[in-house]
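Novice: No sequence on hand, only this structure:
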């Protein structure tokens, strides 16, 4: 019988509330694992404590009352020590949250404590979302919401019954626990799950799932409908932590940094809105220019950093990027740079306009084609670039007008080889070997040097450096061992500078895979690369990629470029779907701003207008057809049929509106009432209840009334099951009452 | 002044609530609902609880931060908080849908005597159970204390019923109202307290209270008049009817012939012996009873006396002036008399004094009349044919 579902007792509700609260606390604490903060041991401690307490729910009862009194003072002391001990403010804040959650896990909670768990958890989840902007946040938020709503629902139900039974405060006497409530002492997870399963109607569960889907839908609607206007645009959370870049794309790199990045296959940035036909087959995403050779590595010289800092923007959302005029692309690419990659933006060349999704502090140098944010971003950075060039030839008017002396006086290191005399001699010997006595142009030298390097070294992530002293790159050049892109690029730069050609190292990313699900280019950390730019002596830097397997100098010819486009990697499978979902998240949620909202409104308005226009056209067609049909000559018999038809139609409509729903339910009841669940089943059930409720038991008046109704069901006229249901409910209540009134 | 409205309890069967009558499902239901969202019905209130205030404050804080930072994560959180509030409202509305309630009382309420009242609640929804309703009852007037009742168990769908009981003692005789002032619910999340006007007022009548009175020998049972019997079971010699034998019946009562004829044991029932009955005359004229408390005492004495005399089988007639006298044969007659006494309003209109010794036309011949007279400022005396027979 449907109504025979047992009801959860007060103790069951308290046990369920306890379980949900602990799950919620652990779920929100686990968000700390996604934060780039030093809280992982704390999170693990919360999880261990949570699991332990769930396994032995009476453990909190052993905490003495003075322990509870001292809890908050101790937490305050711990936080103060942590805060003044040099920890980041945000890290200290998260640790406080975790401590409070731990305390709530190991104590028996009341309603307000459950509310506190919800608030603490929400803070952690939102903080994680704000700091990471990742797609995982959406999942966390909605799972958290589901758990929190379930917790609040159970808490409300438990509170309703607690007022009557008062079991929340009862203490298990003689159970060996100091102050564990009875429900905790009796908690058996298997039994609770079985009771829960028997008490819950699957239709209610389906309805709950549907309602939660409705919540998600309403959230999406509200999210897009909330008007966007920014009051201050001062984001505070990212100022509470010490910034550090996880990758090697900084002003100073050591050999191996880029190679280490290549071992990471996660997404570095996504380019959305680019047409696959206009994207170069193998794009080079420039991020950092390194000009100074020093201490066996390359770094950005003080002069280059000064040039970059010369054009600093404060709280600016858009700048021009050196491309003007009518020629060139006007395609707009949207970049989503993952947090922790670099403060340097990936660019393929000059551009018309760069626009951030919010005002930023940054530095920009147009001749260098570099843009650097003021700080390493700990959150996703979204920006749009319009009309970006992707040529391998980078004109530089500033450099063209500058002499070597002036450049060196400015601190630029395009010519400098910081090596010993012995190493310089070796480099000179190899340059002579490359030039072979010819007076080569920069481009010709680059071609020969690249071939020379490829003939002596093969590519490999594991490089082999001959033992000995001296510059590491020179030692690598001297040997025949494999090397990675940094060594090839650095070796080429040293050879070019020895030959008298200004050269610089560039780090960034090369290539990208096309995601068909999202229609965007995904660039992963494994695509990190280093290459060179060589001054051609006449006003431009030429890209030279000496790493074997890449096109060496300048732009590839059109046929090769087309072939590269065709052979671009296409992402497929579930990983690509996930990447597509991530792009959707960035595009529609993270990067949703006032312009996007207006665009959406325009789209909706256009769509509505289109549908209205279609509807109007359809109505006009229908009315025209109807008028033509009416005007058609008919006999009196035909008119009578028409009249009958319309009267019948009107009556049907009226009857449908008036009795449609009841008739539908009647039909459903009839269909459900057939066979075993039909009238015979109602009579059998009535007989069962009559046997369980003999006269003379319970409250006399009520029992006799229920018995009379049951006898009417048993022997009287047929009654639908739905109509009989409430009688069975009363019979059950009478049986229960009879137990209480048993003499 | 006594009302002319017949005292019935038909409104006891009236169901009220969202699922009753016009509010129940019908063609205009969705239109009504939509209109109710724009213009809430009178009396319906939604008030945030402490949790709700925290949630709303949180939403305001998150919204402020979202606008301050233009961070879409915060906008998403804000949207989620708001939609949770919407969900809370929807579930609360669903919880109250098709719920009906009615008040159940005992047939007879008596001033000064505690009685058990019941609030029957029925869930008319097809699928969804109902949880956590709180009812606020008020019995005995607007100044009476309100009694909270709570639905602590699940109310199953498709006609699930429960009865919430509480005790009430009518303080005074006459008409009282039992009002379901408000129905409220914290369901589902405890953010909002939704209140729904009960729209249920039950009028009940309380009979006069019983009083302790001093009874004089004059009211002792009188000598029976031979030969007169009543049409009720008694101990006279007149056969009234035959009935089946029951355990404890005297074998001397067995009607042997009828038993032999029918094949089962039948015993004789004799009619009750008639005695010279008493006629109670209750005149609540304002001139005679200027003090309300004295009037109440008189009515209580009359009611108590009527019950006692009926129990002794000596009450024949009761006349509540100016209504015609009523013959009292059965319990229902006595209840009707008590209802009449309950309906007498204090300070009613005055009537010309009936000449002394004139009997009402409806009383039987030879009836002894018991009338009530004020004694002093507080007492009441009952006089049998002009002689004091009882005093309260």
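Specialist: Sure, I can see it. Computed from a prediction, not measured in an experiment: that's the story for all the values here.
Novice: In chain B, what residue comes closest to chain A?
Specialist: At 2.2 Å from chain A, residue B:159 is the closest residue in chain B, using CB to the nearest CB. In short, each C-beta sits where N, CA and C put it, glycine included.
Novice: What ranges in the stretch 201-350 of chain B fall below the confidence cut-off?
Specialist: B:220-237, B:271-276, B:347-350 (pLDDT under 70).
Novice: where do the strands sit along it?
Specialist: Per DSSP state E, counting those that start in this stretch, the stretch 201-350 of chain B carries strands over the ranges B:214-215, B:229-244, B:266-273, B:278-282, B:315-320, B:326-327.
Novice: and if you look at the stretch 1-150 of chain B?
Specialist: B:45-48, B:99-104, B:109-110, B:115-123, B:133-139, B:146-150.
Novice: could you redo those as TSV and give each row mean neighbour count?
Specialist: Shown next, in TSV, are these (neighbours: other CB atoms under 10 Å in any protein chain shown):
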stretch	mean neighbour count
strand B:45-48	14
strand B:99-104	21
strand B:109-110	20
strand B:115-123	20
strand B:133-139	21
strand B:146-150	15
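Novice: can you redo the ones you listed as CSV with distance to chain A and mean pLDDT?
Specialist: Compiled in CSV, the strands of the stretch 1-150 of chain B are given as follows (distance: least, CB to the nearest CB, whole Å; pLDDT from 0 to 100):
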stretch, distance to chain A, mean pLDDT
strand B:45-48, 13, 84
strand B:99-104, 11, 86
strand B:109-110, 17, 87
strand B:115-123, 7, 87
strand B:133-139, 8, 88
strand B:146-150, 6, 87
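Novice: Residue A:470 is nearest to which of the ones you listed?
Specialist: strand B:45-48 (75.5 Å; CB to CB).
Novice: So what are the sheet partners of the closest one and their directions?
Specialist: Strand pairing for strand B:45-48, using DSSP bridges, gives strand B:192-207 (antiparallel).
Novice: from the middle of its chain, how far away would the partner strand be?
Specialist: Relative to its chain's centre, strand B:192-207 lies at 13 Å (CA atoms, centre = their mean, to the nearest Å).
Novice: Now that strand: buried residues?
Specialist: B:192-200, B:202, B:204-207 (16 or more other CB atoms under 10 Å in any protein chain shown).
Novice: Just the pLDDT at residue 156, thanks.
Specialist: Using chain A. Listed pLDDT for residue A:156 reads 86.
Novice: not quite, I wanted chain B
Specialist: Per-residue pLDDT puts residue B:156 at 84.
Novice: Quick check: it vs residue B:187, distance?
Specialist: With distances taken as CB to CB, to the nearest Å, residue B:156 is found 15 Å from residue B:187.
Novice: Likewise for residue A:521?
Specialist: Applying CB to CB, the value for residue A:521 to residue B:187 is 51 Å.
Novice: For residue A:328, pull up the helix or strand it's in.
Specialist: Assessed by DSSP states H and E, residue A:328 sits outside every helix and strand.
Novice: ugh, wrong one, residue B:164
Specialist: Secondary structure from DSSP H and E places residue B:164 in strand B:160-168.
Novice: residues in contact with that strand?
Specialist: Strand B:160-168 has contacts (CB atoms under 8 Å, 6 or more residues apart in numbering or on different chains) with A:3, A:726, A:729-730, A:733, B:104, B:114-123, B:129, B:135, B:137, B:139-140, B:147, B:149-151, B:153-155, B:178.
Novice: residues from the stretch 601-743 of chain A in reach of chain B?
Specialist: Residues of the stretch 601-743 of chain A lying near chain B by CB under 8 Å from any CB of the partner chain: A:657, A:658, A:661, A:665, A:722, A:723, A:725, A:726, A:727, A:729, A:730, A:733.
Novice: So which residue is dead centre in the chain?
Specialist: Here I'm looking at chain A. By CA atoms, centre = their mean, chain A has its centre lying nearest to residue A:135, at 1.0 Å.
Novice: not quite, I wanted chain B
Specialist: Short answer for chain B (CA atoms, centre = their mean): residue B:204, at 4.0 Å.
Novice: Give the bridge partners for that residue, please.
Specialist: Listed beta-bridge partners, residue B:204: residue B:176 (assigned using DSSP bridges).
Novice: For it, give its distance to residue B:139.
Specialist: Look at residue B:204 and residue B:139: by CB to CB, they are 8 Å apart.
Novice: Common neighbours of the two, please.
Specialist: Listed as contacting both residue B:204 and residue B:139 by CB under 8 Å, 6+ apart are B:170, B:176, B:177, B:178.
Novice: Would you confirm that the last one belongs to a helix?
Specialist: Looking back up the chat, that one is residue B:178. No - the assignment for residue B:178, made by DSSP: H, G, I helix; E, B strand; the rest coil, is strand rather than a helix.
Novice: That one contacts residue B:139, doesn't it?
Specialist: Yes - between residue B:178 and residue B:139 there is a contact at 4.4 Å, judged by CB atoms under 8 Å.
Novice: Tell me, how many residues neighbour the residue lying closest to residue B:210 once chain neighbours are set aside?
Specialist: In space, not counting the residues next to it along the chain, residue B:210 is nearest to residue B:304; the distance is 4.8 Å by CB to CB, 6 or more residues apart in numbering or on different chains. Residue B:304 is flanked by 19 other residues according to other CB atoms under 10 Å in any protein chain shown.
Novice: relative orientation of the longest helix anywhere in chain B and strand B:192-207 in degrees?
Specialist: Using DSSP state H, we find that the single longest helix of chain B is helix B:72-96. Orientation check (axes from the mean of the first three to the mean of the last three CA atoms, to 10 degrees): helix B:72-96 against strand B:192-207 gives 20 degrees.
Novice: which parts of helix B:72-96 are buried?
Specialist: B:72-85, B:87-89, B:91-96.
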